[in-house]
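**Student:** Sharing a model that was predicted from the sequence below.
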Amino acid sequence: MTGDLVLLALLMAAVTYPSRALPLLAPGLDRLPARALEYLRLVGPAVLAALAAVNTAVVAVSSRPSLHPGVAWLAVAAAVAIVIWRRNLLPALLVAVALAAGLRAMGFA
């Protein structure tokens, strides 16, 4: 890993921290209108869904573009199933990471 990637990660954390810390820093957040609370509640899953979509849709461009499903598709499908079943994002993310890491360690990339 290069130092550039670490700096990029720190920059991304600094940029996204205010929206993640808003519920902790804003007293009376529960008094916001219902529409605003719903928006804030759904920002995290929407961002994760966008990241999952970008990282799972691998398009190989040679003579013709084509879609190649990989390990990430299985991890995302498992995470979605666990979120539907448990209504909790943390176990879904843990299972998805473990599944992707395990399959890649076994050589399925």
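**Tutor:** Looks like it arrived, so ask away.
**Student:** gap between stretch 83-91 and the chain center?
**Tutor:** 13 Å (CA atoms, centre = their mean, to the nearest Å).
**Student:** What residues of it count as buried?
**Tutor:** Residues of stretch 83-91 classed as buried: V83 (neighbour count, 16 or more other CB atoms under 10 Å). Backbone N, C-alpha and C define where each C-beta goes, glycine included.
**Student:** State the mean pLDDT of that stretch.
**Tutor:** Averaged across stretch 83-91, the pLDDT comes to 88.
**Student:** just the CA coordinates of it, formatted as CSV?
**Tutor:** This file holds the C-alpha atoms of stretch 83-91, laid out as CSV (Å, rounded to 0.1, in the frame of the first residue of the first chain):
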residue,chain,number,x,y,z
VAL,A,83,-30.1,-7.4,6.1
ILE,A,84,-33.5,-8.6,5.0
TRP,A,85,-33.4,-11.5,7.5
ARG,A,86,-31.9,-9.7,10.6
ARG,A,87,-32.7,-6.0,9.8
ASN,A,88,-29.1,-5.2,10.9
LEU,A,89,-26.3,-4.0,8.6
LEU,A,90,-23.3,-4.9,10.8
PRO,A,91,-23.7,-8.7,10.6
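**Student:** Can you pull the poorly scored residue ranges out of the protein?
**Tutor:** 1-2, 23, 58-63, 65-68, 109 (pLDDT under 70).
**Student:** now the helices: where do they sit in it?
**Tutor:** In the chain, the segments counted as helices under DSSP state H are 3-25, 34-56, 71-86, 89-105.
**Student:** which one is the residue positioned nearest the centre of the chain nearest to, not counting chain neighbours?
**Tutor:** Nearest to the mean C-alpha position of the chain, by CA atoms, centre = their mean, lies L48 at 2.9 Å. The shortest distance from L48 to any non-neighbouring residue, by CB to CB, 6 or more residues apart in numbering, is to L89 (7.5 Å).
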